[in-house]
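# Test case, fold it:
(2 chains)
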Amino acid sequence: MEPIRRRIVELLPRLRRLARALARDPADADDLVQTTVERALARAGQWAPGTRLDSWTFRIMKNAWIDEARARSRRGKVFAAEETGEMVGFDGGGAMQARLEAAEVERAMAALPQDQRLAVALVLVEGLSYKEAADVLEIPQGTLTSRLVRGRTALIAQLEKVH
Amino acid sequence: MERDLRIAAYVDGELDPAERAAFETEMKSDPSLAGEVEMQRRLRARLAAAYDPVLDEPTPARLAAAAAPVARRYGAPTWAAMAACVVAGILVGRLALPRGGEAPFAPPAPRGELARVLDHGLTGDAGPIRVGLSFRDRDGDYCRVFTSASDRVAGLACRTGDRWATRTLTAWAPDAGAAYRTAGSQLPPEVLVAVDGLIAGEPLDAAGEQTARAQGWRK
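Just a heads-up that it's a prediction; the model follows:
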């Protein structure tokens, strides 16, 4: 198997994490990963060896996600209802508490505008540097940092609300 | 905004050492700044707690299959045929492998029931240990993919001389409630990747497999 395939297989967990931060619904997130992998392999010749494969693949995901979001708004599809039954199956205690916490974070992320969510997902979830994230998003670094600041301000406002 | 940018850059590790030292001095004399840093750190921790567990989830088979073409090219038809053969013929036996904790680079050589199934089993035979795919590697050696429902492992073994050597061994779980049913798309990505890395040409068809078995898997 070509090295690029092997490396994309190795990237799958990170691609899934990024997709989950963007798409929220786990099935939609995995659809996004699948589209990303298929596009990346179809365009494997365009990847310049020696450059970062993760950034290149994240950029493909970013574009796929924007395309998908556009198509979804054209179709007028509404988001699925709040996590019906999502809590079922956890054996209580810490797992349940962690799941509730995560659901709250996911809700706050889903409420962010698309460009802020991308900035937050790449820097705060994926751990990219500002420069790397700006490269993935194909925007100047100043634009990235202002989206990032707006995004995290909105998240904190949502998450630090008194319950 | 300027203040928020600096706080963010500090928390995200984007300040150079001099800026960092200046910021920390400022923080000491400005408790509100320290409080905002704390809030930003909390946000990072909450995001990590929400999303990092995804890294430890098993990769869904369809994604591994999208990345490792072996699943599409060979796995699905071969293993689908195998699934269709699930009628009877349950082999009795245990896989002679220690449970858990195998060293990743030196999996044990197949012995006992696994060696027996590798020697004599054909793709499509039912049983707790099943062979899923047979092929020749670039040296002409025969290799076979196997799963063991009872030991919850999947792997790849190749014939070297007169014995089998395990090339890949990884955790694997049969579909819940379908212990003797399996499909190529369920194979762990490690195994699919290993197959794609070794295979020369196409996998053996049923006739090719029977011929190879009759010759004792000698190349």
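
# what sits against residue A:21?
Counting by Cβ atoms under 8 Å, 6 or more residues apart in numbering or on different chains, residue A:21 makes contact with A:109, A:117, A:120, A:121, A:125, A:126, B:47, B:51. Quick note: C-beta positions are derived from backbone N, CA and C, even for glycine.

# The worst-scoring helix or strand of chain A on mean pLDDT packs against which elements?
Each helix and strand of chain A was given a mean pLDDT (mean pLDDT, DSSP states H and E); the minimum falls on helix A:93-110 at a mean of 82. Applying 3 or more Cβ pairs under 8 Å, 6 or more residues apart in numbering or on different chains; DSSP states H and E, we find helix A:93-110 packed against helix A:114-120, helix A:141-159, helix B:31-51.

# what's downstream of the longest one, the next helix or strand?
Read that as helix B:31-51. Downstream of helix B:31-51, the first helix or strand assigned by DSSP states H and E is helix B:61-67.

# what about that following helix, average pLDDT?
For helix B:61-67, mean pLDDT rounds to 82.

# Around chain B, pick out the residues from chain A.
A:1, A:5-6, A:8-9, A:12-14, A:16-17, A:20-21, A:30, A:33-34, A:37-38, A:41, A:98, A:101-102, A:105-106, A:120, A:123-125, A:129-130, A:145-146, A:148-149, A:152-153, A:155-156, A:159-160 (Cβ under 8 Å from any Cβ of the partner chain).

# how about 6 Å then?
A:1, A:8-9, A:12-13, A:16-17, A:20-21, A:30, A:33-34, A:37-38, A:102, A:105, A:124-125, A:130, A:145, A:149, A:152, A:155-156 (Cβ under 6 Å from any Cβ of the partner chain).

# List only those of those residues flagged as buried.
Applying a neighbour-count criterion of 16 or more other Cβ atoms under 10 Å in any protein chain shown, the buried members of those are A:1, A:8-9, A:12-13, A:16-17, A:20-21, A:30, A:33-34, A:37, A:102, A:105, A:124-125, A:130, A:145, A:149, A:152, A:155-156.

# Tell me which stretches of chain B form helices.
With DSSP state H as the criterion, chain B has helices at B:2-11, B:17-29, B:31-51, B:61-67, B:70, B:76-84, B:112-120, B:189-198, B:206-214.

# Just name the most buried of those.
Highest mean neighbour count among the helices of chain B (mean count of other Cβ atoms under 10 Å in any protein chain shown): helix B:70, with a mean of 27.

# Mind pulling up the pLDDT for the closest residue in space to residue B:146 that isn't next to it in sequence?
Using Cβ to Cβ, 6 or more residues apart in numbering or on different chains and skipping the chain neighbours, the partner closest in space to residue B:146 is residue B:131 (5.4 Å). Note for residue B:131: predicted pLDDT of 87.

# Can you tell me how far residue B:131 is from residue B:114?
Distance from residue B:131 to residue B:114, counting by Cβ to Cβ, to the nearest Å: 10 Å.

# and if you look at residue B:40?
54 Å.

# Show me what the longest helix seen in chain A is packed against.
Looking across chain A with DSSP H, the single longest helix is helix A:53-75. Judged by 3 or more Cβ pairs under 6 Å, 6 or more residues apart in numbering or on different chains; DSSP states H and E, helix A:53-75 is in contact with helix A:3-23, helix A:26-42, helix A:130-137.

# can I get those helices in JSON lines with mean pLDDT and distance to residue B:142?
Shown next, in JSON lines, are the helices and strands packed on helix A:53-75 (pLDDT from 0 to 100; distance: least, Cβ to Cβ, whole Å):
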{"stretch": "helix A:3-23", "mean pLDDT": "91", "distance to residue B:142": "23"}
{"stretch": "helix A:26-42", "mean pLDDT": "93", "distance to residue B:142": "29"}
{"stretch": "helix A:130-137", "mean pLDDT": "96", "distance to residue B:142": "45"}
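
# wait, which of those helices is closest to residue B:17?
helix A:130-137 (16.8 Å; Cβ to Cβ).

# and the angle from the closest one to helix A:53-75?
50 degrees (axes from the mean of the first three to the mean of the last three Cα atoms, to 10 degrees).

# for helix A:130-137, packing partners?
Using 3+ Cβ pairs under 6 Å, 6+ apart: helix A:130-137 touches helix A:53-75, helix A:141-159.

# Could you say which of those is packed most deeply?
Most buried among the helices and strands packed on helix A:130-137, counting by mean count of other Cβ under 10 Å: helix A:141-159, with a mean of 19.

# quick check: mean pLDDT across that one?
Here the average pLDDT along helix A:141-159 is 96.
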